[in-house]
Structures are given as C-alpha cells and as structure tokens.
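Enquirer: Provide a 3D model corresponding to the input given below.
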Amino acid sequence: MSRQKSDEQVITHPHLIRLHGNDNVAATTVNVEEGQLVEIEGREIRAADSVPTGHKMAITEIAAGEKVIKYGVPIGSATCLINPGQYVHTHNLKSDYLPTYTLDGTNRYLDSRGRTT
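Expert: Model (predicted):
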C-alpha cells in the first residue's frame, strides 16, 4: 500500500514492520531506496541508506553502545550513532553474543563496507 505526498512516493506499513512495541528497528518487506520516505505507525522517516528486503532500518535514534532491539529483545549493540532511516547491519551493529565478521576479509558475503553482496 502506498500513497502520494507532494510528488513523492511514501511507503506505508506493509513495507516496514515493527515486530515488537519495544523495537528501535523495523524490518523491510521491500527494497527501500536511499532518500525514499517510509511511514511507520503514523510517522514518516526518510531512508538515509538503501535497505534491502528483510533487513533492518532504525526507526528511532540509537546511541553508540545502546542495545539494538528487534523482536522485543536486544540483538546487539550499536557501534556508532544510528539515526532514524539508517540501515542497521554489521557495519554499525555488533553482536553481543557471537563474533561479528565484517571488515577482516574473511566473510565472502560482505563487501568492504560490511554490507551484503
């Protein structure tokens, strides 16, 4: 479902899903392009980055060291400030439970920025 707003396409709920009321990230159900407006729970957020389908987008500000919450539970900690609309992945999130392999070159599925290829 989408709607027009001042000549911009705005993606609404079905494409950005907050899985639990305490989550500070939401899952995308479609590819969201950098600069695109998305709506969640009546709020509009401009995507700061492109976010692939099924990945996480910050829906609130997450301070460096703060827990990233998905499914209502912490899934790791922010390694830097993450603003609403930013892609949340291994380049700005570290697991508090398992080693995170990103920029050391050992993960063939990640590029030099720690994003999936």
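
Enquirer: what stretches of this structure score poorly on pLDDT?
Expert: 1-14, 98-117 (pLDDT under 70).

Enquirer: now do the strands in it.
Expert: Secondary structure of the chain (DSSP state E): strands at 2-5, 8-11, 16-17, 25-28, 37-40, 43-46, 56-58, 67-70, 73-78, 87-88, 93-94.

Enquirer: can I get the ones you listed in TSV including mean neighbour count?
Expert: Placement of C-beta: from N, CA and C, glycine included. Below are these laid out as TSV (neighbours: other C-beta atoms under 10 Å):
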stretch	mean neighbour count
strand 2-5	11
strand 8-11	16
strand 16-17	17
strand 25-28	22
strand 37-40	20
strand 43-46	15
strand 56-58	23
strand 67-70	19
strand 73-78	16
strand 87-88	24
strand 93-94	20
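
Enquirer: quick one: residues contacting residue 32.
Expert: Shown in contact with residue 32 (C-beta atoms under 8 Å, 6 or more residues apart in numbering): 11, 15-16, 38, 47, 50-51, 57.

Enquirer: what residues are bridge-paired with the most centrally placed residue in the chain?
Expert: Centroid-nearest residue in the chain, with C-alpha atoms, centre = their mean: residue 57, separated by 1.8 Å. On the basis of DSSP bridges, residue 57 is bridged to residue 26, residue 87.

Enquirer: wait, isn't it in contact with residue 83?
Expert: No - Residue 57 lies out of contact with residue 83 (C-beta atoms under 8 Å); the separation is 10.5 Å.

Enquirer: next one: stretch 71-88 to chain centre, how far?
Expert: Distance, stretch centre to chain centre, for stretch 71-88: 7 Å (C-alpha atoms, centre = their mean, to the nearest Å).

Enquirer: all good on my end, thank you.
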